[in-house]
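Participant: After the sequence you'll find the predicted model.
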Number of protein chains: 2
Amino acid sequence: MNFISDESLKKIVNDKISGSTELLGLINLYFRKNFRDRQKSKDAIKYLAHHLGTFPNIQNYLHDLSPLLGTTKLTEKYFKNFDLKSEKLFDNIFNNALPCLTDKKFILTISNSRTVFEIIKRLSKIQNLYIIVCESRPKFEGRQTAKNLARENINVRLITEAMASGYLVNCDCVLTGADQILKNNNAVNKVGSLELAVLAHYFGKPFYIAADPSKYTGRIRFTQRKESSDQIWKNPPKDILIENKYFEEIPNKLITRIITNKKARQKNK
Amino acid sequence: MNFISDESLKKIVNDKISGSTELLGLINLYFRKNFRDRQKSKDAIKYLAHHLGTFPNIQNYLHDLSPLLGTTKLTEKYFKNFDLKSEKLFDNIFNNALPCLTDKKFILTISNSRTVFEIIKRLSKIQNLYIIVCESRPKFEGRQTAKNLARENINVRLITEAMASGYLVNCDCVLTGADQILKNNNAVNKVGSLELAVLAHYFGKPFYIAADPSKYTGRIRFTQRKESSDQIWKNPPKDILIENKYFEEIPNKLITRIITNKKARQKNK
């Protein structure tokens, strides 16, 4: 299953920028376009399950889609339901975020989280916002977040991670997504998030994490995923070591609240 | 005095990467090469005083060199003295650093400081070191530091600022240079330094600043220098704001010790 000629599928699998919720959105678009070609869709399901099966939300999506393929009516209904469920999920998360964010104007974030985007988009309809986005080295996916927010006419400023303290001290809170929430309620998110959590703690600002239920992986331990050091420095002198760590663990004690779609999952503070 | 045809002088004036001690070293090399051409040297002094006169060490150097120009013997003696004084200065700073660093193996730094380099170079002769260097966005001058250290056969690892927490937690201390030390003993240094100071505080690691006496500017307040936003993102969408702040102030309470050439200037802890 490593051979697949479809470039758009390869792009999804090799996308190191998007979170799993964002990826699932792209996967859904792919099948909407291609579901009438049953064999192609079946191959795509196998390919995606092989490469992205570790994300529970993607695994569930593929599992439920598989038996419907070939039945146009049922498949179209599945897509429609997917959209409705997504909207409802983000509405629910937003409603739970609202008590935390209702007095927040200057919000700092990092990386590219669909959930954070959906919250901020909804919040911007009811209050004036200034969003500060860390560029998110090494892959700069913060730029994508900044673009998405600017497209919604939200005031947005892009900074480097190095500049974070200078901006955080004047922000109302930090809001990030999550790659996963571990069993002990520690969060795993894009590298740089722990630094923001420590800075928020030091400057007395709330640090919120937004996570849809698929992020609760039930895992006990976080295993680091290392990526190519080229992303940090192409062709460095050979004696200089470079490790490219993508994610890091944020201890629960530094998280003011994990905002999800269920009220029960929130910490009571 | 804005017109000067000498490319190597322009390079020094436009160098946004090096600290003032490093710049002075480059200026000294320039005059060593060109001092026999008296008119050229006089023009260079005016040009440098105009553009870099805010650095006290450079101002003093130019002031003392000026009357000697044309007298080969005296000028050569001046250069020789400059080298001896530099070596002695770094030796003194190193000797004052030694009590802090004698048990430190894993040291984290940022940006490109000549003083930090000279300390680490000397320390590496007497103990095994592992230096972690932040790349220092947006201009990546940490890469130059990493290269300089690797050339001295010192173990060196380059990281992004976003990765700092993950490494700092396992480091023995942070050691940075300073752009200036204010009258209240707050330090001004490359953006990212405040974040390292807060992280060091949180993880219970000492945060040292090394500064030669020229860095004591006696100024009461730090004025931000803003640089081109292109360095952060070339041609971003027009609605995205970008400010490129080069330096930031680190409150003295976050600094474990300012290491300088004089014992009296050190904080007694």
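Facilitator: Looks like it came in fine.
Participant: Quick one: the strands in chain A, in order.
Facilitator: Under the criterion DSSP state E, strands of chain A are mapped to A:106-110, A:130-134, A:155-159, A:173-176, A:180-181, A:187-190, A:207-210, A:226-227, A:240-242, A:244-245, A:247-250, A:257-259.
Participant: How about residues contacting the first one?
Facilitator: Right, strand A:106-110. The contact list for strand A:106-110 (C-beta atoms under 8 Å, 6 or more residues apart in numbering or on different chains) reads A:101, A:116, A:120, A:129-134, A:136, A:142, A:145, A:161, A:164, A:167-168, A:170-176, A:189-190, A:192-193, A:196, B:162. C-beta: built from backbone N, CA, C; applies to glycine.
Participant: who's in contact with residue A:23?
Facilitator: A:12, A:15, A:52, A:55, A:58.
Participant: ranking the strands of chain A by mean pLDDT, which is last?
Facilitator: Note on those: strand A:226-227 shows the lowest mean pLDDT, a mean of 83.
Participant: can I assume residue A:133 is in contact with residue A:142?
Facilitator: Yes: here residue A:133 reaches residue A:142: they are 4.6 Å apart, a contact under C-beta atoms under 8 Å.
Participant: ok so, going back, could you pick out the buried ones from the contacts of strand A:106-110?
Facilitator: Among the contacts of strand A:106-110, those classed as buried by 16 or more other C-beta atoms under 10 Å in any protein chain shown are A:101, A:116, A:120, A:129-134, A:136, A:142, A:145, A:161, A:164, A:167-168, A:171-176, A:189-190, A:192-193, A:196, B:162.
Participant: The closest residue in space to residue A:93 that isn't next to it in sequence - how many residues pack around it?
Facilitator: Spatial nearest neighbour of residue A:93, excluding adjacent residues (C-beta to C-beta, 6 or more residues apart in numbering or on different chains): residue A:261 at 5.1 Å. Other residues near residue A:261 come to 19 when the count uses other C-beta atoms under 10 Å in any protein chain shown.
Participant: so what's residue A:26 up against?
Facilitator: A:12, A:15, A:18.
Participant: In PyMOL, select just the buried ones from these.
Facilitator: Buried members of the contacts of residue A:26 can be picked out in PyMOL with the line below, counting by 16+ other C-beta under 10 Å:
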select buried, chain A and resi 12+18
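Participant: Which one of the contacts of residue A:26 is nearest to chain B?
Facilitator: Nearest to chain B, judged by C-beta to the nearest C-beta, of the contacts of residue A:26 is residue A:18 at 17.5 Å.
Participant: which phi and psi does the closest residue to the closest one other than its chain neighbours have?
Facilitator: Distances taken as C-beta to C-beta, 6+ apart place residue A:112 nearest to residue A:18, at 6.2 Å, with adjacent residues excluded. Per-residue torsions, residue A:112: phi -130, psi 100 (degrees, to the nearest 10).
Participant: Which strands or helices does the worst-scoring helix or strand of chain A on mean pLDDT pack on?
Facilitator: Ranked by mean pLDDT, DSSP states H and E, the weakest helix or strand in chain A is strand A:226-227, scoring a mean of 83. Helices and strands touching strand A:226-227, by 3 or more C-beta pairs under 8 Å, 6 or more residues apart in numbering or on different chains; DSSP states H and E, are strand A:244-245.
Participant: shared neighbours of residue A:133 and residue A:142, anything?
Facilitator: Joint contacts of residue A:133 and residue A:142 (C-beta under 8 Å, 6+ apart) are A:109, A:110, A:158.
Participant: could you redo those residues as a markdown table and give each row neighbour count and distance to residue A:70?
Facilitator: Converted to a markdown table, the shared contacts of residue A:133 and residue A:142 look like this (neighbours: other C-beta atoms under 10 Å in any protein chain shown; distance: C-beta to C-beta, whole Å):
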| residue | neighbour count | distance to residue A:70 |
| --- | --- | --- |
| A:109 | 30 | 42 |
| A:110 | 29 | 42 |
| A:158 | 28 | 46 |
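Participant: Let me know the closest of those residues to residue A:229.
Facilitator: Using C-beta to C-beta, residue A:110 comes nearest to residue A:229 of those, at 20.9 Å.
Participant: Identify the bridge partners of that closest one.
Facilitator: As for beta bridges, residue A:110 partners with residue A:134 under DSSP bridges.
Participant: For residue A:169, see how far away it is.
Facilitator: 16 Å (C-beta to C-beta, to the nearest Å).
Participant: Specify the beta-bridge partners of the spatially closest residue to residue A:155 that is not a sequence neighbour.
Facilitator: Distances taken as C-beta to C-beta, 6+ apart place residue A:130 nearest to residue A:155, at 4.7 Å, with adjacent residues excluded. On the basis of DSSP bridges, residue A:130 is bridged to residue A:106, residue A:155.
Participant: Pretty sure residue A:105 is one of the things residue A:130 touches, is it not?
Facilitator: Yes: with contacts counted by C-beta under 8 Å, residue A:130 reaches residue A:105, the gap being 6.1 Å.
Participant: Longest helix of chain A, counting residues only.
Facilitator: helix A:72-101 (DSSP state H).
Participant: what residues are up against the closest residue to residue A:61 other than its chain neighbours?
Facilitator: Nearest residue to residue A:61, sequence neighbours excluded (C-beta to C-beta, 6+ apart): residue A:24, at 5.9 Å. By C-beta under 8 Å, 6+ apart, residue A:24 lies in contact with A:55, A:57, A:58, A:61.
Participant: The same query, at a cut-off of 7 Å, please.
Facilitator: A:57, A:58, A:61 (C-beta atoms under 7 Å, 6 or more residues apart in numbering or on different chains).
Participant: so what pLDDT did it get?
Facilitator: So, for residue A:24, pLDDT stands at 92.
Participant: Tell me if I'm right that residue A:198 and residue B:198 touch.
Facilitator: Yes: using C-beta atoms under 7 Å, residue A:198 is in contact with residue B:198, at 6.5 Å.
Participant: related to what we said a few turns ago, just confirm the residue nearest to residue A:18 contacts residue A:146, I think it does.
Facilitator: No: at 9.4 Å, residue A:112 does not count as touching residue A:146 under the criterion of C-beta under 7 Å.
Participant: and those two? which has more neighbours close in?
Facilitator: Neighbour totals were compared for residue A:112 and residue A:146, and residue A:146 leads with 30 against 25 (other C-beta under 10 Å).
Participant: from what I can see the more buried one touches residue A:132, true?
Facilitator: No: counting by C-beta under 7 Å, residue A:146 stays clear of residue A:132, with 9.5 Å between them.
Participant: So what touches stretch A:140-148?
Facilitator: Here stretch A:140-148 has contacts from A:17, A:109-112, A:117, A:133-136, A:156, A:158, B:233, B:237, B:240, using C-beta under 7 Å, 6+ apart.
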